[in-house]
Every structure is written in structure tokens, then in C-alpha cells.
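S.K.: Return atomic coordinates for the entry below.
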Amino acid sequence: MPGGDRPRSQSGNRRRAPQGRPQGSNRGGHGHGSKQSARNPASSRPDTDRARHPAPAVVRTAESAENAEERQAISANRRWAALACTIPSLVIGGIVGLIVVLVGLPLVGAGVFVVVTLVIAGWIWRTAPGMVVRAIGASPSNEEERPRLHNVVDGLCATMGLPRPALLVVDSPVLNALAIGRDPRRASLIVTSGLDESLSLVELEGVVAQELVHIKRQDTVRSEIAVAVVAPLALVSSSGAAMVHALVGHGREFSADQRAVGVVRYPTGLGSALRTMAESTGSFTPWPPGDGRISSLTRWLWINPMAGATSEGVVEGELDDAGVRAAALALL
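M.R.: Next comes the predicted model:
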């Protein structure tokens with residue numbers, strides 16, 4: 001029987017031989033592994049595909065950084081607005097409290113100081129949006145009359161995760177828009193009738209996205225409080241608009257442009273709208289709309305703050321100028 005075992009052993013070796021063949025072939029580079037790679041181009045695809053399609057972790061990291069920056073901006077705007085309300089309230093409360101103290105009622109004077117400060121700060125905080133609306137003469141928009149505007153706002157709010165703001169219209173041929181509100185739930189988007197009637201759909205979408213960026217980052221609470229705080233000074237000074245510009249920050253509109261084109265992913269629309277606005281900057285006077293000095297304070301809250309300005313009033317290279325911003329968007 002030993003002689004009979006040998007053939008079985010040899011047969012077993014022959015059966016095992018194919019298992020060893022790929023190993024030897026791989027060492028020579030001509031085995032099944034190389035053939036499989038040739039049949040499957042995806043296994044040898046260059047890393048450029050991975051560069052073209054970032055890993056989900058990279059995308060999530062970028063989104064997290066953007067969200068963190070947005071939260072910081074919101075927090076900074078609300079802190080600034082609260083402080084801006086408090087400072088004039090402290091001054092008025094201090095004067096009233098001091099008068100009471102001089103009368104001979106120190107404890108009452110301290111209480112009066114606290115109460116007056118809180119009441120005035122709360123009054124400024126709550127009345128600032130309405131003050132702007134009344135000053136520029138804005139009225140509620142009728143959806144049946146302006147269906148295109150309302151549809152654009154609804155679509156962008158869904159994209160940006162924002163509640164729908166109240167839509168108001170100023171009857172003016174000037175192409176312009178602004179946003180106000182203490183927070184996104186109480187925000188208002190104000191456009192001129194000329195803007196809605198003159199821009200294409202893509203241009204209108206860019207402008208609306210830009211104003212919704214202000215609402216989402218809560219630039220609006222800062223801008224409206226700036227107008228409310230400067231309003232008393234505007235009664236005795238003609239530099240109120242410049243003071244508001246300094247308070248809301250130079251480059252405010254430029255920054256919102258850059259973020260808005262990231263929302264619509266089409267810089268050409270907003271850029272085209274800004275070019276149209278820049279070309280008609282000096283065509284309409286006076287501007288801003290409405291009567292009184294408070295209206296004039298709103299100039300730097302509008303998407304085109306240079307509307308109605310004469311050539312002498314335009315500062316070369318002004319970062320918030322619509323023409324400068326349109327040129328910047330053309331480079332994207």
C-alpha cells in the first residue's frame with residue numbers, strides 16, 4: 001500500500017500547485033494580481049479624483065469652521081448692540097439719578113438711576129426697527145402683486161435655514177434693498193419697487209441672498225441700533241450718516257457680497273445687479289427715501305449706499321461702493 005499512497009500524495013501536490021502560482025507570478029509582476037489590476041482601472045486611479053472630491057471629514061470640518069465663525073459674528077453683533085443701548089441709557093439715567101440725589105434722596109436717586117437706565121435701554125432695543133421702517137416709508141408687500149419677489153425669498157430662506165422675514169416695499173425707482181430686525185424671527189426685508197421691477201430673476205436672487213446674509217449673521221440688530229443711537233445727534237449735526245457708517249463697520253456690504261455668492265453659487269447675478277446700481281448711482285436724488293434726518297441716517301444700511309450721491313460724495317476705492325464690489329465679484 002505504500003506504493004499506492006505515493007500517487008495520492010503527488011496528486012495532492014498537483015492540486016495545491018495552482019494556489020502557489022499567484023505568489024510566484026506576483027513576484028515576477030505577471031500573475032493574476034496584475035491582470036486583475038489591469039481589468040479594474042479604478043484600483044489604480046490617481047489621487048486626483050480624491051482631490052477633486054474632498055473626503056466627507058474635510059467637508060464637515062470646513063462647515064464646522066464656517067458655522068463657528070457665524071456664531072462668533074452673531075454673538076459679537078448682539079453684544080455690540082446691547083452695549084450701544086446701554087451707554088446712552090447710563091448717561092441719561094445718571095443725570096436723572098444725580099438730580100434726585102442732589103435733592104436729598106440718595107437711596108431714591110440710586111433706584112431711579114437703575115430704573116431709568118433699564119427702561120431707556122429696553123426702549124431703544126424694541127423701537128429701533130420700527131423707527132427705521134417709519135423713517136423710510138416702507139409698507140407691507142402684497143404677495144399677489146409681487147409673486148416673483150416672494151417666491152425668491154421663500155426659496156432662499158429654505159436654502160439658508162431662515163424663517164421667512166416680513167417683506168416691505170418702498171415706492172421708489174431707485175434700485176435698492178436693506179434688512180433690519182432684532183433677530184431672524186423678527187426680521188424684515190425691505191426692497192424698493194424699482195428693484196423688483198427692474199432686475200432679472202438671477203439678479204434679484206443675488207440681492208435677496210445678500211440681505212438674508214445680514215439677517216442670518218444678525219448684522220441687522222447692529223445697524224438698526226446704530227441708527228437709533230445716532231438719531232438724537234442727527235438733530236444737531238449733519239455728520240450722522242458718517243457716524244452710522246463707522247458704527248456698522250466699513251466693508252459691511254462687501255463682506256455680505258462674498259457670503260451671498262456662496263449661497264447662490266453664481267457670482268454673476270449679484271455682480272450684474274451691483275453694476276446696474278452703480279451705473280445709476282447719481283440718477284436719483286434725493287436718497288435715502290423718506291423725510292427727516294433719521295431717514296438720512298439709513299444710507300449705509302442699504303445694499304447700494306451710494307445711491308443718489310453726487311460725484312463729489314463718492315470716495316474713490318470705497319469698499320462698500322457698488323461699483324467696487326461688482327468688480328471684486330467679477331474676479332471670482
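S.K.: Counting by contacts, list what the top helix by length along the chain packs against.
M.R.: When the chain is parsed with DSSP state H, its longest helix is helix 56-103. Packing partners of helix 56-103 (3 or more CB pairs under 8 Å, 6 or more residues apart in numbering; DSSP states H and E): helix 106-136, helix 201-217, helix 219-234. Every C-beta, even on glycine, is put in place using the N, C-alpha and C of the backbone.
S.K.: I'd like to know which elements the first one is packed against.
M.R.: To tie it back to what came earlier, the one meant is helix 106-136. By 3+ CB pairs under 8 Å, 6+ apart, helix 106-136 packs against helix 56-103, strand 177-180, strand 188-192, helix 219-234, helix 293-296.
S.K.: same thing but 6 Å
M.R.: Under the contact definition 3 or more CB pairs under 6 Å, 6 or more residues apart in numbering; DSSP states H and E, helix 106-136 sits against helix 56-103, helix 219-234, helix 293-296.
S.K.: would you list those helices in CSV and tack on mean pLDDT?
M.R.: Compiled in CSV, those are given as follows (pLDDT from 0 to 100):
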stretch, mean pLDDT
helix 56-103, 86
helix 219-234, 93
helix 293-296, 88
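S.K.: Looking at these, which one is packed in the most?
M.R.: Greatest average neighbour count among those goes to helix 219-234 (a mean of 23), per mean count of other CB atoms under 10 Å.
S.K.: what's the offset of that one from the middle of its chain?
M.R.: How far helix 219-234 lies from its chain's middle: 20 Å, per CA atoms, centre = their mean, to the nearest Å.
S.K.: quick check: angle from it to strand 188-192?
M.R.: Per axes from the mean of the first three to the mean of the last three CA atoms, to 10 degrees, the angle that helix 219-234 makes with strand 188-192 is 70 degrees.
S.K.: With distance to Trp302 added, can I get the helices and strands packed on helix 106-136 in TSV?
M.R.: Below are the helices and strands packed on helix 106-136 laid out as TSV (distance: least, CB to CB, whole Å):
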stretch	distance to Trp302
helix 56-103	18
helix 219-234	10
helix 293-296	11
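S.K.: Glu143 is nearest to which of the ones you listed?
M.R.: Closest of the helices and strands packed on helix 106-136 to Glu143 is helix 219-234, at 22.2 Å (criterion: CB to CB).
S.K.: Quick check, central residue of the chain?
M.R.: Nearest residue to the geometric centre of the chain (CA atoms, centre = their mean): Val213, 2.3 Å.
S.K.: shouldn't that one be in contact with Ala256?
M.R.: Yes - Val213 lies in contact with Ala256 (CB atoms under 6 Å); the separation is 4.6 Å.
S.K.: returning to that earlier point: select, out of the helices and strands packed on helix 56-103, the one closest to Gly271.
M.R.: helix 201-217 (7.6 Å).
S.K.: Who are the packing partners of the closest one?
M.R.: Applying 3+ CB pairs under 6 Å, 6+ apart, one finds that helix 201-217 contacts helix 147-160, strand 177-180, helix 252-264, helix 267-279.
S.K.: now whichever helix or strand comes after the first one and helix 147-160, what's the angle there?
M.R.: This points to helix 147-160. The C-terminal neighbour of helix 147-160 among helices and strands, as given by DSSP states H and E, is strand 166-170. Strand 166-170 runs at 140 degrees relative to helix 147-160, counting by the same axes, to 10 degrees.
S.K.: who does strand 166-170 pair up with?
M.R.: strand 139-140 (antiparallel), strand 188-192 (parallel) (DSSP bridges).
S.K.: May I see the helices and strands packed on helix 56-103 arranged in CSV, with distance to Ala166 as well?
M.R.: Shown next, in CSV, are those (distance: least, CB to CB, whole Å):
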stretch, distance to Ala166
helix 106-136, 9
helix 201-217, 11
helix 219-234, 12
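S.K.: So which of those is nearest Val170?
M.R.: Across these, closest to Val170 is helix 106-136 (CB to CB), at 5.7 Å.
S.K.: Now that closest one: buried residues?
M.R.: 109, 112-113, 116-117, 120-121, 124-125, 128-129, 131-133, 135-136 (16 or more other CB atoms under 10 Å).
S.K.: what do you get for stretch 256-269?
M.R.: Neighbour counts over stretch 256-269 (16+ other CB under 10 Å) mark 256-261, 263-264, 267, 269 as buried.
S.K.: Among the strands paired with strand 166-170, show me which one is buried the most.
M.R.: Scoring those by mean count of other CB under 10 Å, the most buried comes out as strand 188-192, with a mean of 26.
S.K.: remind me which residues of this structure are low pLDDT?
M.R.: 1-63, 281-285, 310-317 (pLDDT under 70).
S.K.: From Asp154, how far out is Gly111?
M.R.: 49 Å (CB to CB, to the nearest Å).
S.K.: scratch that, Ser280 is what I was asking about
M.R.: Counting by CB to CB - Ser280 and Asp154 are separated by 28 Å.
S.K.: More neighbours: which of those two?
M.R.: Ser280 (18 against 12; other CB atoms under 10 Å).
S.K.: Phi and psi next, for the residue lying closest to that one once chain neighbours are set aside.
M.R.: Distances taken as CB to CB, 6 or more residues apart in numbering put Leu175 closest to Ser280, at 6.6 Å, once the chain neighbours are dropped. Torsion angles at Leu175 (phi, psi; degrees, to the nearest 10) stand at phi -90, psi 110.
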